[in-house]
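> Build the 3D model from these lines:
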Amino acid sequence: MSTGKDSTLKATGTTEGGLYQYDLTQGADGNFYFVKNTHKASNASSLIQAMAAAPANVANLQADTLSARQDAVRLSENDKGGVWIQYFGGKQKHTTAGNASYDLDVNGVMLGGDTRFMTEDGSWLAGVAMSSAKGDMTTMQSKGDTEGYSFHAYLSRQYNNGIFIDTAAQFGHYSNTADVRLMNGGGTIKADFNTNGFGAMVKGGYTWKDGNGLFIQPYAKLSALTLEGVDYQLNGVDVHSDSYNSVLGEAGTRVGYDFAVGNSTVKPYLNLAALNEFSDGNKVRLGDESVNASIDGAAFRVGAGVQADITKNMGAYASLDYTKGDDIENPLQGVVGINVTW
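This next block holds a predicted model:
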């Protein structure tokens, strides 16, 4: 787009079209032109990227929540399996490879049941769980939400020599809705779609104890998730999102201390971990243009938590983490759980 060189327009201003914003600049010929800025996502672009990535964020948080249950059983002296419930939530900030930045506030509940049985060389833990979560998303002038319902199955192996292995699988259904407010009085348009996700996780580590209460627990974890591709429309324009994938690696160490408080046992701990998202090819297409909605790269996580055997038949646990990377920041992510065993 251009205007004559004698125009009274100032060489400032921004509009948008398709996936990008357009900056008003003056050319060498004196005319003014709207020039595409591929480093600035349009409202529509930012919204469709956030909607593609947000279900994966929720699903990964659900997987972390289940892992917290497996960790709590491993720390407990009394937990032989039973019923448990956890609240989980967190504030997340993400930036995709396509320059879409968004905030996501997640709150959810997970309910499960498991059984732990002893062997000559350790123990097994087997269980199932279900979860409900909602994430409120904001990006530029747009907002939306992701509602997720997931089902999980898990199996853990603990050896008397301190080695442990956790595994889990999940299936989730995610409903996404959003309102997109366009620039320059372009109005508000709506978007919505549903998708299903499948995930799996394996974690291995070792628990070292000094005999006086101190314990150190190095571990490594790998999780994988895929969300089905979707097709929907945004203001009459076709949107296609490829299958959204996440392959997340984590390596860390937990350091804690075991001590008695009256008839209860309490284990506070600190946790430090390095994470890396390996998946970097998650494309979203608006009309004839496509953009990369991946959130790949490294991050670091620091956190603290506590596990307590309140009575012989009841336990509680809680954790709070902070995660920071180039394209991700979770300033607050926590889990609080209660379990009853028999």
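
> Doesn't Q70 lie inside a strand?
No - Q70 is assigned helix when assessed by DSSP: H, G, I helix; E, B strand; the rest coil, not a strand.

> For it, give me its contacts.
For Q70, the contact set (C-beta atoms under 8 Å, 6 or more residues apart in numbering) comprises L125, Y154, S156, D166, A168, K203. C-betas here are computed from N, CA, C, even on glycine.

> got these as JSON lines, with pLDDT, distance to T65 and neighbour count columns?
JSON lines is the format used below for the contacts of Q70 (pLDDT from 0 to 100; distance: C-beta to C-beta, whole Å; neighbours: other C-beta atoms under 10 Å):
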{"residue": "L125", "pLDDT": "97", "distance to T65": "16", "neighbour count": "22"}
{"residue": "Y154", "pLDDT": "99", "distance to T65": "11", "neighbour count": "21"}
{"residue": "S156", "pLDDT": "98", "distance to T65": "15", "neighbour count": "23"}
{"residue": "D166", "pLDDT": "99", "distance to T65": "13", "neighbour count": "24"}
{"residue": "A168", "pLDDT": "99", "distance to T65": "11", "neighbour count": "22"}
{"residue": "K203", "pLDDT": "99", "distance to T65": "14", "neighbour count": "19"}
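
> Quick one: these as TSV, columns for distance to V340 and secondary structure too.
Listed next are the contacts of Q70 as TSV, based on distance: C-beta to C-beta, whole Å; DSSP: H, G, I helix; E, B strand; the rest coil:
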residue	distance to V340	secondary structure
L125	15	strand
Y154	18	strand
S156	19	strand
D166	21	strand
A168	21	strand
K203	25	strand
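
> Show me how this protein divides into domains.
1-41, 43-341 (automatic domain parsing).

> among the ones you listed, which is the most enclosed?
Most buried of those by mean neighbour count (mean count of other C-beta atoms under 10 Å) is domain 43-341; its value is a mean of 18.

> hmm, back to that, check the domains of the chain for me: which has the lowest mean pLDDT.
Here the lowest mean pLDDT among the domains of the chain goes to domain 1-41, at a mean of 63.

> Show me what F300 bridges to in the sheet.
Beta bridges link F300 to A274, K324 when assigned by DSSP bridges.

> related to what we said a few turns ago, now, among the contacts of Q70, which is nearest to D288?
A168 (40.1 Å; C-beta to C-beta).

> Redo the contacts of Q70 as JSON lines? Include distance to L270.
Shown next, in JSON lines, are the contacts of Q70 (distance: C-beta to C-beta, whole Å):
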{"residue": "L125", "distance to L270": "24"}
{"residue": "Y154", "distance to L270": "25"}
{"residue": "S156", "distance to L270": "22"}
{"residue": "D166", "distance to L270": "20"}
{"residue": "A168", "distance to L270": "24"}
{"residue": "K203", "distance to L270": "18"}
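
> And those residues, which is closest to L222?
Nearest to L222 among the contacts of Q70: K203, at 7.8 Å, using C-beta to C-beta.

> Let me see the contact set for S319.
S319 touches A68, N271, G303, A304, G305, V306, G334, V335, counting by C-beta under 8 Å, 6+ apart.

> Would you check how far apart the nearest residue to it once chain neighbours are set aside and D326 are?
Leaving aside its chain neighbours, S319 sits nearest to G305 (3.2 Å; criterion: C-beta to C-beta, 6 or more residues apart in numbering). Per C-beta to C-beta, to the nearest Å, G305 is found 26 Å from D326.

> And Y219, by the same measure?
From Y219 across to D326, the span is 24 Å (C-beta to C-beta).

> Torsion angles phi and psi at F215?
Note on F215: backbone dihedrals following degrees, to the nearest 10 are phi -140, psi 150.

> can you pull out the strands in the stretch 151-300 of the chain?
Secondary structure of the stretch 151-300 of the chain (DSSP state E, counting those that start in this stretch): strands located at 163-181, 188-206, 208-209, 214-227, 230-234, 237-241, 244-257, 259-261, 264-277, 283-286, 289-292, 297-309.

> now those as JSON lines including distance to M118?
Shown next, in JSON lines, are these (distance: least, C-beta to C-beta, whole Å):
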{"stretch": "strand 163-181", "distance to M118": "14"}
{"stretch": "strand 188-206", "distance to M118": "20"}
{"stretch": "strand 208-209", "distance to M118": "19"}
{"stretch": "strand 214-227", "distance to M118": "20"}
{"stretch": "strand 230-234", "distance to M118": "46"}
{"stretch": "strand 237-241", "distance to M118": "47"}
{"stretch": "strand 244-257", "distance to M118": "23"}
{"stretch": "strand 259-261", "distance to M118": "23"}
{"stretch": "strand 264-277", "distance to M118": "19"}
{"stretch": "strand 283-286", "distance to M118": "49"}
{"stretch": "strand 289-292", "distance to M118": "49"}
{"stretch": "strand 297-309", "distance to M118": "17"}
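
> of these, which approaches V83 most closely?
With C-beta to C-beta, the closest approach to V83 among the strands of the stretch 151-300 of the chain belongs to strand 297-309: 16.0 Å.

> Now do that closest one: which elements does it pack against?
helix 43-75, strand 264-277, strand 314-325, strand 328-341 (3 or more C-beta pairs under 8 Å, 6 or more residues apart in numbering; DSSP states H and E).
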